[in-house]
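Colleague: Sequence first, then the predicted structure, then my questions.
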Amino acid sequence: MNEEQSSPQEQHEFSIDIQDIALGIVLAIIMALCLRIMVAEILFVPSKSMEPALLVGDNILVSKIAYGIGPSGDVFGLRFSDNLHFWFSKPKKNDIIVFRAPKSAGTESKQHPLFVKRIIAGPRDEHPITGDVIPAKGMVISSASILASMLKMIGDPGSHSDSTYIVGEDYYYVLGDNRNQSFDSKDWGLVPSSTIIGKAVMVLWSQEVDSASSSSSLRSSRFLQFCK
């Protein structure tokens, strides 16, 4: 009994198809990496520091082109130089930003290399240190903690008087919306713009974790919610 055999032409076509598929997969991986490095990244929110704006279990879309262009963030443990990112716009007050944890944050910076906080004051903003209410978010601040944190400036000390502090150029004072459970500028000082990875723009999806039963459920109400 004779078995049918594929012709040399059919074998060649099959070989080309395999090569095309492999090339397509490689190109898709490269494009995905480029998008993650240059355009956007999805990050998980592990703490309550930004409640109610961001909840534990939120997966947020971080735009890396909101303020500039160029590689930023870490990929497979490889960290890109902050000098490779070119800025065309400055972050604004009330923006929710993602940035590299400062060294002054101590062991927390090793456990969580990226922080997410809200900008309260930026370059040349006058910031009260008298316990006044910050109009933007209605948060009462302690003059002692504000002054102590301001003295932890990195590089540019800015200037201050008895009643106001003027933030240095390209430095930002950030706080978590959940003030009582946030480790932020009042504890470790200001954020230099060079360490900003991008702007949190949207909650793509969210999951609520029950620590007692180790189960999780999706929060359907938070799908595709803009960060504000």
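Modeller: Alright, I've got the coordinates.
Colleague: Against residue 51, how distant is the closest residue to residue 100 other than its chain neighbours?
Modeller: Of all residues not flanking residue 100 in the chain, residue 195 sits nearest, at 4.2 Å (C-beta to C-beta, 6 or more residues apart in numbering). Yep, even glycine has a C-beta here, placed from its N, CA and C like the rest. Between residue 195 and residue 51 the computed distance is 24 Å (C-beta to C-beta, to the nearest Å).
Colleague: Between the two, tell me which one has more neighbours.
Modeller: Counting neighbours by other C-beta atoms under 10 Å for residue 195 and for residue 51 shows that residue 195 has the greater number, 19 against 16.
Colleague: Any chance of the backbone angles for the more buried one?
Modeller: phi -90, psi 0 (degrees, to the nearest 10).
Colleague: mind listing what the residue nearest to residue 100 touches?
Modeller: Listed by C-beta atoms under 8 Å, 6 or more residues apart in numbering, the contact set of residue 195 reads 82, 99-100, 102.
Colleague: Which of these fall in strands?
Modeller: If you go by DSSP state E, the contacts of residue 195 have 99-100 in strands.
Colleague: beta partners for residue 44?
Modeller: Following DSSP bridges, residue 44 is listed with bridge partners residue 59.
Colleague: Likewise for residue 191?
Modeller: With DSSP bridges as the rule, residue 191 is bridged to residue 172.
Colleague: Quick one, grab the pLDDT at it.
Modeller: Looking at residue 191, its pLDDT is 86.
Colleague: For it, give me its contacts.
Modeller: Contacts of residue 191 (C-beta under 8 Å, 6+ apart): 97, 99, 102, 117, 171-174, 185.
Colleague: Tell me how far it lies from residue 34.
Modeller: 26 Å.
Colleague: in this protein, which helix or strand is least confident?
Modeller: Ranked by mean pLDDT, DSSP states H and E, the helix or strand of the chain with the weakest confidence is strand 133-134, at a mean of 37.
Colleague: so what's the residue nearest the centre of the chain up against?
Modeller: Centroid check for the chain by C-alpha atoms, centre = their mean gives residue 98 as the closest residue, at 2.4 Å. Residue 98 sits next to 43, 62, 114-116, 196-200 when contact means C-beta under 8 Å, 6+ apart.
Colleague: Quick check: beta-bridge partners of it?
Modeller: Residue 98 has these beta-bridge partners by DSSP bridges: residue 116, residue 198.
Colleague: ok, back up a step: and the contacts of residue 191, which is closest to residue 26?
Modeller: Top of the list for closeness to residue 26, among the contacts of residue 191 and by C-beta to C-beta, is residue 99 at 32.4 Å.
Colleague: Report the separation between the closest one and residue 56.
Modeller: To residue 56, residue 99 is 19 Å away according to C-beta to C-beta.
Colleague: the more surrounded of the two?
Modeller: Regarding residue 99 and residue 56, a neighbour count based on other C-beta under 10 Å identifies residue 99 as having more, with 20 against 16.
Colleague: these two touch, right, that one and residue 114?
Modeller: Yes - checked against C-beta atoms under 8 Å, the pair residue 99 and residue 114 is within contact range at 7.0 Å.
Colleague: Okay, now the unreliable bits of the chain?
Modeller: Along the chain, the model assigns pLDDT under 70 to residues 1-16, 76-77, 124, 126-167, 211-215.
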